[in-house]
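Compute the structure for the input listed below.
(2 chains)
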Amino acid sequence: MDLRDATIRIYESGDPVAALRAFAPLVADAGARAVWTDPRGAAAGAWPAGARVSPALAEAALAAPCPTLRPLGPDFPADHADTPGAEALLLPLGEDDGALVLLAPSGAFGPGEGWAELAAAFARTAARHRERRQVEEERDTLRQRAEESEALHVLGLAANRTLDPDEVLTLVARFTRTLLGAHYVTVNTLDEGSIRAVASVGLRGEVAEEDPFAARVAAARKPLTVQADPATGAVAEPFHAREGMRTGIGVPLALFGETFGALVVGYRRPYELAPRDTRLALTLAGHAAVAISNARLHGAVAERTRELERANEELRWTTEAKDRFFASMSHELRTPLNAILGYQSLLLDGVVGELSGPVRPMVEKAQRSTRNLLHLVNDVLDLSKLEAGKMEVVVAPVRVRGIIDEALASVEPMAAVKDIALDVQHAPPLSPLLTDADRVRQILINLLSNAVKFTDQGRVTVSVATDGEGASPDSEGWVEVRVADTGPGIAPENQERIFHEFEQIVGATSRGGTGLGLPISRKLARLLGGDLTVESTLGLGSTFTLRLPARTDAHHQ
Amino acid sequence: MPIINEPRVRATEGSATEDVAQRATAEERAGNWEAAAGLYAQTFRSALYGGEPDQAVDALRGQARMRLQQRRFEEAEELAELCLELARGYDLPVAMARGLNVLGLIRFWHRGGEAAEQLYLSALEMALDLGDDELVGLVCQNLGVVANVRGDFREARSRYLEGIGSFVRSGSTANAMLAYNNLGMASADLQEWMEAEVYFSRGIEIAERLGHAPSAGMLYSNLAEPLIRVSEFDRARQSLDRAEAAASQIDDHTTLADVARYRGAMARLEGDLAGAEEHLARALRITDLPEPGLERAEVLRELGELRAAQGRRGDALEAFRAAAGLFAALGGVADARITEARRAEVETGTM
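Residues are numbered from 1 along each chain as shown, chains lettered A, B, ... in the order given. Sure, this is the predicted structure:
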C-alpha cells in the first residue's frame, strides 16, 4: 500500500467520488470498501458503487478526533455481518465534509502516519468540489436571473408599443403563464367595491363571476397562496375549484401605494411554489398594474378632453350669442337714443317754445344722461365688433399731428373748466402714416379724456416720438404718441387691470365712465398693428403710450 | 423550410437503440434527411422489439420530421398519426403532446395554418399539464408562426413572447435565441424597427455565447433590415459582413441570399443602382433552386423595387407579380398581400 501515491491521486481528482474511485482500490485489498458520509451521516459516495456502512459506524467516523482504526465487533453488528473479520479505518474530514470510512480485512491498513494526510487531501478535494459547485450554482442562478430580466425587459418593450389595455394585459397574462409554468392566469381589478377579471388566459370556463380569492389578495395587499386539500384534491376557492386548481398564487396589483386588483396564477397539477415564482409574479403584476393605470389615465384624459371640448363648444356658442346680442341691442338702442337726443335738442333750442322755470335744467340733465348712455352703447358696440373680429379698419395716409390737434380740441373745454394745462411736444415733421385716422383719433380722445378727467391740477402733455428710424414705406420702426398727466397715478397691481373690460379700479368709478374706454383703445391699437401701454407712479401721474407702426405710403412721402 | 420547433429526444443511455438513435440525430443535424430517416426507422424497429415503446414513438416522430423536411407531406402525416396512435395505446402523454405538435407542423406546411392551429392548441394544453416547459415554448413558437403567416403580427409577437417565457423557465437558451429571432421578425413586420433591433441583438448575444455560428449568421443578416430602415447604413454593413462571414463557413445559402438582397436594397437606397443590380444578380443566382423558397420570393420583391427605382415599370410589375405568386405558393399569405399592394402602387403610379 502506497499512501503517498494514493494521496497524490486524491489531489488529482476533480471531485470526491472520482477520488474514491481513484484511491480506494490502492489502499485496501480487493474486497475492501470505501464510503464517504456527509456531515449528517448520509452516504455521499461509495466504492464500489452501492457499498454502505451502518449509521452507527458513520456516526463513529464523524465523531472520531483523528484517523482511528476500529474492529467491527459487537459495536457495529450490521457492518460485522456484512464484512466478517474486517476492520474499519475512520477518517474524519472536518465539519463541512463529513468522514471517510474504509473497510478491509484486519491488518490490511497496517501502521501509517500518512492516513491523516490522505484524509486531509480528501477533505480538500471535497471542499474544492463544493466551492466549485456553489460557484456554478450561483452562476446558473445569476444567468437565470439575467435571462428573466432580459425577458421582462422584452415584455416591457412590447407592452409599451400599444395603448390598448386589453392587448397589454393579454400579453402580460400569457407571459406570466409560461414564465411561471402555470395553467391559467387572471388579471382582476377592483371597481366600486367589486372585483372582476379584465384579462385571462387558459381558463376553461367563462369569467362571469367574482373571484373571492382575487378580492382577498387585493384586500390583504400581499401575496397569498392556495393549496388543494390532499384528501379531496380540490382547493377551497369555488371559482378555482371549478377550474381544477391544485396550487395557486395571487399577488396584488399596486402602483403608487394604491392597490386596485390582483393577478392570480393557477396550476392544475400539484406544484411547489418557489420564492422565484412569487418574485416573478410580483414583477409581472407590476407590468399589469402599469398597463391598467395607463389605460385608466388614458381613459380619464380622453373623458376630460371630451368634457373640455363640450365646454368649449358651449362657451363658443355663448360668446357668439353674447356678441350677437350686444351688436343687435346696441343698434336697436341707438335708434331711439338718437330720437331722444333730437327731441331734447329741439326743446333746448326753443324750437317748440321757451323752456320755463326749472324745466330747462331738467332737460339739460336728461340730455347729459342720454349722451352718456349713447356713449356707453357705442362702446359696447365697438367692443362686440372687436371681439367678433368685425371691426373694419380703413387704412389711408394720416397726418398724426392733425389727429392730435383734433383730439386736443375735443377735450379743451373740459380742461379749461378744470384749469388743466394742455401741452404738445411734437417731434420733427413726420411723413403721413398708413393707418386708420378715425381709430387713432378715437384712441387719443379716450386717452386725453381720461387724463383730464383724472387730473385735478397740473397738466396733460402730449408728445410724439419715433424710434429713430423715421417713417418709411418698408420701415419696421414705430411712432409713439404719449399722453402724460399729473393725476393720482395707478398702483402697479392695477396697471394691467385697467385694460380689462368692465374693470374700474377703486376710485375710478367716481369719475364716471364705462370702464370700456381703455380696453377698446388697446384692442384698436393692436388692430392697427401697434399697442397701448401705461407707465405710472402713484402720486406722480401716468403716461399712456400709443405705439403705431411707422409705415408710410411711398406716393405721399 | 423554416426552423422546426420540435424537441429532439435522446435515446435512453445504455439502451440497445442508443447508438443508432444517436447516429440518426447526428445525420439530422447535418441535414442528411434521407440517412436520418433510415436510421430513425431502424431505431423504431429496434426499440419496439426491445420493449421500449417510448423510444419507438420518439423515433417514429423523428422519421416524420425527416419526411416533412423532404416535403413528403402525406408520408410524414401518416407517420405522425401512427406516432399518436402508439402514444395513446402505450399511454405516453409526453409522446402524445409532442406527436400533436409534430402533426401540427406537418399539417401547417401541407394544408395551412388553420389545419395546424387546433393541434398546436391541444399540444399546448397537454404540455402545460405535463409541466413540459420546453414543449410549451416550442408550441407557442409554432402558434406564432401560424399568426405571422396569417398576417396577424401582434398575435405572433404575443405568442413568441409567451414562448420566451417558457424557454427562460426551462433554461432552453438555444430555443430562446430562435424565439428572439422570431420576435425580431414580427417586430420588423410591424415596422417597429427599434424593438426589432433589440430582439435580434439579444439573439446574437446568445448565439455568440453558445458559439452557434449558423444562428449568429442568420441573426446578423436579419439585424440588417431594421438598421437599413432607420438609415444606419454603416452598422447594417458591419452586420451583413459578420453574417456573410458566418454563413460562408457553413455554406448557408439562405443567409447568403439574404445578405446579398440586403446589400442590394442598401445600394438602391443610397442611389447606387448599378451596385444594387450586382448584389441582386448574386442573390438571384444563389436562390435559383429547383424548389425555390421564401428567400427567392424576397429577392424577387427587392428586384421589383430596384426596377421601379430604375424607372423600368413593366419589369418592376413583373418582378412583384412573380414574388407575390411565390409567396402565395409557399403559404406566405401576408407577404403575398403586401407585395400585391406594392405592385398596385407601382402600377397606378403612386409609388
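
residues in contact with A:Thr189?
A:Thr189 sits next to A:195-196, A:198, A:253, A:260-261, A:292 when contact means Cβ atoms under 8 Å, 6 or more residues apart in numbering or on different chains. All C-beta atoms are positioned from the backbone trio N, CA, C, and that covers glycine.

For the closest residue to chain A within the stretch 51-200 of chain B, pull up the helix or strand it's in.
Residue of the stretch 51-200 of chain B nearest chain A, by Cβ to the nearest Cβ: B:Gly165 (3.3 Å). Assigned by DSSP states H and E, B:Gly165 falls within helix B:153-170.

One more: A:Leu434?
strand A:433-435.

Quick one: mean pLDDT over that strand.
For strand A:433-435, the mean per-residue pLDDT is 90.

For that strand, name the packing helices and strands.
strand A:396-398, strand A:541-549 (3 or more Cβ pairs under 8 Å, 6 or more residues apart in numbering or on different chains; DSSP states H and E).

And the average pLDDT for the longest one is what?
If you average the pLDDT over strand A:541-549, you get 94.

Which residues outside that strand are in contact with it?
Residues outside strand A:541-549 that contact it (Cβ under 8 Å, 6+ apart): A:400, A:433, A:435, A:440, A:443-444, A:447, A:450-451, A:454-455, A:458, A:475-490, A:521, A:525, A:528-536.

In which helix or strand does residue 296 reside?
Here I'm looking at chain A. A:Arg296 is part of helix A:275-348, with elements assigned from DSSP H and E.

wrong one, I was asking about chain B
Assigned by DSSP H and E, B:Arg296 belongs to helix B:294-309.

got a list of what A:Pro67 touches?
A:Pro67 touches A:89-92, A:115-116, A:119, counting by Cβ under 8 Å, 6+ apart.

again, only this time at 10 Å
The contact partners of A:Pro67, by Cβ atoms under 10 Å, 6 or more residues apart in numbering or on different chains, come to A:89-92, A:100, A:102, A:109, A:112-119.

what's the answer for B:Thr173, then?
Residues in contact with B:Thr173 (Cβ under 10 Å, 6+ apart) are A:143, A:147, B:167, B:206-207, B:209-210, B:212.

go again using 6 Å as the cut-off
Contact analysis of B:Thr173 by Cβ atoms under 6 Å, 6 or more residues apart in numbering or on different chains lists B:Ile206.

Output the below-cut-off pLDDT ranges for chain B.
B:1-16, B:350-351 (pLDDT under 70).

Can you show me the strands along it?
In chain B, no strands are defined using DSSP state E.

Look up how far B:Gly184 lies from the residue of the stretch 201-350 of chain B found nearest chain A.
The nearest approach of the stretch 201-350 of chain B to chain A comes at B:Arg202, 6.4 Å away (Cβ to the nearest Cβ). Going from B:Arg202 to B:Gly184 by Cβ to Cβ, to the nearest Å gives 8 Å.

Among those two, which residue is more densely surrounded?
Per other Cβ atoms under 10 Å in any protein chain shown, whichever of B:Arg202 and B:Gly184 has more neighbours is B:Gly184, with 27 against 23.

my guess is A:Thr455 meets A:Asp485, correct?
Yes. Counting by Cβ atoms under 6 Å, A:Asp485 is a contact partner of A:Thr455 at 4.5 Å.

Those two: which is more packed in?
A:Asp485 (25 against 21).

quick one, phi/psi of the more buried one?
When read as degrees, to the nearest 10, the backbone of A:Asp485 gives phi -130, psi 170.

before we move on, what about B:Gly151?
phi 90, psi 10.

From B:Arg337, how far out is it?
Taking Cβ to Cβ, one finds B:Gly151 at 7 Å from B:Arg337.

and what of A:Gly14?
Look at A:Gly14 and B:Arg337: by Cβ to Cβ, they are 59 Å apart.

How about A:Ala60?
80 Å.

Neighbour count: these two, which is higher?
It is A:Ala60, of A:Ala60 and B:Arg337, that has more neighbours when counted by other Cβ under 10 Å, with 20 against 14.

out of everything not next to it in sequence, what's closest to that one?
Using Cβ to Cβ, 6 or more residues apart in numbering or on different chains and skipping residues adjacent in sequence, the residue nearest A:Ala60 is A:Leu90, 6.1 Å away.

Could you check the pLDDT of the one you found?
91.

now the one 5 residues further on
Listed pLDDT for A:Glu95 reads 86.

Can you give me the neighbour number for it?
Using other Cβ under 10 Å, A:Glu95 has 8 neighbouring residues.

Drop the exposed ones from the contacts of strand A:541-549 and show what's left.
Buried members of the contacts of strand A:541-549, scored by 16 or more other Cβ atoms under 10 Å in any protein chain shown, are A:400, A:433, A:435, A:440, A:443-444, A:447, A:450-451, A:454-455, A:475, A:478-490, A:521, A:525, A:528, A:530, A:532-534, A:536.

Just the ones of those in helices?
The members of these that map onto helices under DSSP state H are A:400, A:440, A:443-444, A:447, A:450-451, A:454, A:521, A:525.

for the helix holding B:Gly165, the distance to its chain's centre please.
15 Å (Cα atoms, centre = their mean, to the nearest Å).

contacting residues around that helix?
Identification of contacts with helix B:153-170 by Cβ under 6 Å, 6+ apart yields A:147-148, A:151, A:158, A:171, A:174-175, A:178-179, A:181, B:133-134, B:136-137, B:140-141, B:143-144, B:147-148, B:175-176, B:179, B:182-183, B:186, B:189-190.

is it true that A:Leu102 lies in a helix?
No. The assignment for A:Leu102, made by DSSP: H, G, I helix; E, B strand; the rest coil, is strand rather than a helix.

Around chain A, pick out the residues from chain B.
Contact residues, chain B versus chain A (Cβ under 6 Å from any Cβ of the partner chain): B:128, B:131, B:133, B:136, B:157-158, B:161-162, B:164-166, B:168-169, B:195.
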